[in-house]
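Undergrad: got a sequence here, can you build the structure:
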Amino acid sequence: MPVVRFEPYGVEVDVPEGTTLMTAADQAAEHVVDEFFVGECCEGRLECGNCCLQIVSGMENLSPASQAELDLLKVVSKGPNWRASCVAKVQGNVTVRVLAY
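TA: Residues are numbered from 1 along each chain as shown. Next up, the predicted model:
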């Protein structure tokens, strides 16, 4: 099973291939006090950007981004290597950075 690591917490979760990063984050969040996502999430409609995470390594191990996701990322990301966790599916090991709010 792929492993998703969440920095800066060092928390790792094993998830079945095809799991969204958001589902993996929900599992990892059970091990930390901080909230990983701030604000209401749009439940995968690519409208809010609140679930976006920076990919530290393993971008090639995520499902390809759709044009709708790329359009959203142009508006909400703070640099390269970001994905909307609600639609990015894990296909291999990935390390992501959760931003401190």
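Undergrad: nearest residue to the residue nearest the centre of the chain in space, ignoring adjacent ones along the chain?
TA: Residue closest to the average C-alpha location in the chain (C-alpha atoms, centre = their mean): S85, at 3.4 Å. Nearest non-adjacent residue to S85, counting by C-beta to C-beta, 6 or more residues apart in numbering: L21, 3.6 Å away. From N, CA and C alone the C-beta is placed, and that goes for glycine too.
Undergrad: how far away is that neighbour from Q67?
TA: For L21, the distance to Q67 (C-beta to C-beta, to the nearest Å) stands at 19 Å.
Undergrad: neighbour-wise, which of the two wins?
TA: L21 (27 against 7; other C-beta atoms under 10 Å).
Undergrad: quick one: low-confidence parts of the protein?
TA: Where the chain drops to pLDDT under 70, the residues are 100-101.
Undergrad: strands of that one, start to end?
TA: 3-7, 11-14, 52-57, 82-84, 94-97 (DSSP state E).
Undergrad: for the second one, packing partners?
TA: So that's strand 11-14. Packing contacts for strand 11-14, counted by 3 or more C-beta pairs under 8 Å, 6 or more residues apart in numbering; DSSP states H and E, involve strand 3-7, helix 21-29.
Undergrad: any idea which of the ones you listed gets closest to S63?
TA: helix 21-29 (9.8 Å; C-beta to C-beta).
Undergrad: now the closest one: buried residues?
TA: L21, M22, T23, A24, A25, Q27, A28, A29 (16 or more other C-beta atoms under 10 Å).
Undergrad: distance between it and the chain's centre?
TA: Chain-centre distance of helix 21-29: 8 Å, with C-alpha atoms, centre = their mean, to the nearest Å.
Undergrad: between strand 52-57 and it, find me the angle.
TA: With axes from the mean of the first three to the mean of the last three C-alpha atoms, to 10 degrees defining the directions, helix 21-29 sits at 80 degrees from strand 52-57.
Undergrad: many thanks, we can stop here.
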